[in-house]
Every structure is written in structure tokens, then in C-alpha cells.
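Peer 1: Need a 3D model of the sequence below.
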Amino acid sequence: MKITYTARKVNLKDNFKELCEKKLAKFQKIFSEDAEASVVVTLYKNRQTVEVTVKDNGMVFRAEDTQDEMNDALDKVVDILGRQMRKNKTRLARRLRDNTADFAVLLPEEDIEDEQEFDIRTKTIPIKPVSVEEAILQMNMLDHDFFVFINADTDETNVVYKRKNNTYGLLEPEEY
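Peer 2: Residues are numbered from 1 along each chain as shown. Model prediction:
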């Protein structure tokens, strides 16, 4: 697994990087050698946020936590990632057919919640090409947390969403 580090308003020490590699190493059995992990550490008002995103074969796992100490935040993030993987074990096993046995060793059966059936409601919405700013306005008028639209500049389907810190995010498709 390739790990990249990004530090915002903070200096990362080598012992934090070593701890990060040690904690993420337990997930290497699940992912291929081509997996990419991104670790972002941000300092904001004496609080440290650690965000870890792991991408592999179209799967994306992401966790974020804010604590007074970055090591504590890293511990929480690794726990969150582990819970996400246990919860999605069955679906992951199907995608990782060759690594199913390793996955079962890493995540024992007694820790696994029963696979849940998803209750899915289908809704159709009219989509017309609009700018990102107009999509944000429409999302706010509907009082939704996200809005699907066709970007007038790129002619592709995009999603705008509200982030925790009262900013907005834009999801754009990318082929891999």
C-alpha cells in the first residue's frame, strides 16, 4: 500500500508517519499492492484533524476525526475504517475473491454484524445543465444536503453537497 502524507498548518514528525504505517499495515491483507492511502493532518484552533482515505480497485474507504492530539485522532480513524470494513465484509469478499480467506482471518466472524438488506426508494428528478453556483442555490432552496445536476461547463453529471464546516463540495466523475 502506498501512503501519501499531507500536512496543513502542522509539521508531521517521523514517529507519527511510522505509527500511521504500522496501524494501516493491518489493512494490507485486504487491499492489493496498488492500493493508495492518503493521510491528511490539519491543525485548526489547537485541534488536530486526521483524515485517511484508502482507494483500491474502485473501492474508497474514508474516515476523519478531530482530537487534541493527532495520535488519538489516528487511533479513532483506524477504528472507524475497521468498522466500515467489517460492516461491508460480504460485499468486499465478493470483490476480492482471491483474498477472501485473508479477509476472514483479519475480521473474525463474531465481530461481523449480519448483512442488512437495503430498503431503497427510487425517485426520478428532472436534470438540466446548470452552473455549480446555480446547483448550490437550488440545493439550498430545497433544503437538501446534496444536489445532482449536469454541469453546464463539462456536460457531465456532478453532485454538490454541504460539508460539516458550512462549506460546499463538488463531486466530479473520473475514469480509472
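Peer 1: Tell me, how many residues neighbour Phe31?
Peer 2: Per other CB atoms under 10 Å, the neighbour tally for Phe31 reads 22. No exception for glycine: its C-beta is placed from N, CA and C like everyone else's.
Peer 1: That one reaches Ile3, doesn't it?
Peer 2: No - Phe31 is not in contact with Ile3 according to CB atoms under 8 Å; the separation is 11.5 Å.
Peer 1: Show the average pLDDT along the helix or strand hosting Leu19.
Peer 2: Using DSSP states H and E, Leu19 sits within helix 14-25. For helix 14-25, mean pLDDT is 93.
Peer 1: Which strands or helices does that helix pack on?
Peer 2: strand 2-8, strand 36-44, helix 70-87 (3 or more CB pairs under 8 Å, 6 or more residues apart in numbering; DSSP states H and E).
Peer 1: Can I get those in CSV including mean pLDDT and distance to Lys55?
Peer 2: What follows is the helices and strands packed on helix 14-25, written out as CSV (pLDDT from 0 to 100; distance: least, CB to CB, whole Å):
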stretch, mean pLDDT, distance to Lys55
strand 2-8, 92, 10
strand 36-44, 92, 5
helix 70-87, 89, 13
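Peer 1: just to revisit the earlier point, touching both of Phe31 and Ile3, which residues are there?
Peer 2: Residues touching both Phe31 and Ile3 (CB atoms under 8 Å, 6 or more residues apart in numbering): there are none.
Peer 1: Who does the strand or helix carrying Val160 pair with, and is each partner parallel or antiparallel?
Peer 2: If you go by DSSP H and E, Val160 is part of strand 157-162. For strand 157-162, the pairing partners within the sheet under DSSP bridges are strand 146-151 (antiparallel), strand 168-171 (antiparallel).
Peer 1: Alright, calling it a day.
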